[in-house]
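Asker: Following is a predicted model, sequence given first.
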Amino acid sequence: MTIHDVIAEVDKLKPNMFDEKDKIKWLSRLEQRIYQDIILTHEYNTGEEEIVFNGYTEDDGEQELIVGEPHDEMYILWLAAQIDYYNMEYDSFNSSNAMFDSVFRSFRNAYNQSHMPKGTRKIFY
């Protein structure tokens with residue numbers, strides 16, 4: 001799923017006043033969290049390409065996001081939660097964020113099960 005795909009879907013499901021720049025910034029924050037907390041803490045499986053993430057700009061609309069199916073719904077839920085939060089619709093935010101958190105945890109658990117964590121080397125003297 002690309003950045004533009006996510007934004008188009010969110011705008012269709014949850015009409016809002018926020019511009020694309022805000023939504024790209026929010027997606028970039030989430031991707032940074034995924035990259036730092038999950039991707040960089042695990043070894044790559046054989047045949048996987050290394051993921052490099054340096055943030056997104058408005059020119060990155062066709063960029064594929066890190067997480068694919070079946071967990072890519074998290075991006076839509078994340079943006080919905082951010083829209084609710086910044087609109088000060090806290091009851092809606094709590095619901096949107098709970099749904100996001102459920103999909104995020106599912107992705108994290110699946111990634112943890114399929115990738116070896118990076119460990120510290122044991123030094124023998």
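Answerer: On my side now, so go ahead.
Asker: any weak-confidence spans in the chain?
Answerer: Filtered on pLDDT under 70, the chain yields the residue ranges 120-125.
Asker: what about the helices in it?
Answerer: 3-13, 20-37, 73-86, 90-114 (DSSP state H).
Asker: looking at those, which is closest to Asp60?
Answerer: Asp60 lies closest to helix 3-13 among these, at 6.0 Å (Cβ to Cβ). (Each C-beta comes from the backbone N, C-alpha and C, glycine too.)
Asker: May I see the buried residues of that closest one?
Answerer: Neighbour counts over helix 3-13 (16 or more other Cβ atoms under 10 Å) mark Ile3, Asp5, Val6, Ile7, Glu9, Val10 as buried.
Asker: how about that helix as PDB, C-alpha atoms only?
Answerer: Extracted in PDB, the C-alpha atoms of helix 3-13 (Å, rounded to 0.1, in the frame of the first residue of the first chain):
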ATOM      1  CA  ILE A   3       1.100   6.700   1.000                       C
ATOM      2  CA  HIS A   4      -1.400   8.000  -1.500                       C
ATOM      3  CA  ASP A   5      -3.500   4.800  -1.200                       C
ATOM      4  CA  VAL A   6      -3.700   5.200   2.600                       C
ATOM      5  CA  ILE A   7      -4.600   8.900   2.400                       C
ATOM      6  CA  ALA A   8      -7.200   8.400  -0.300                       C
ATOM      7  CA  GLU A   9      -8.800   5.600   1.700                       C
ATOM      8  CA  VAL A  10      -8.900   7.700   5.000                       C
ATOM      9  CA  ASP A  11     -10.300  10.700   3.200                       C
ATOM     10  CA  LYS A  12     -13.000   8.600   1.700                       C
ATOM     11  CA  LEU A  13     -13.900   6.900   5.000                       C
END
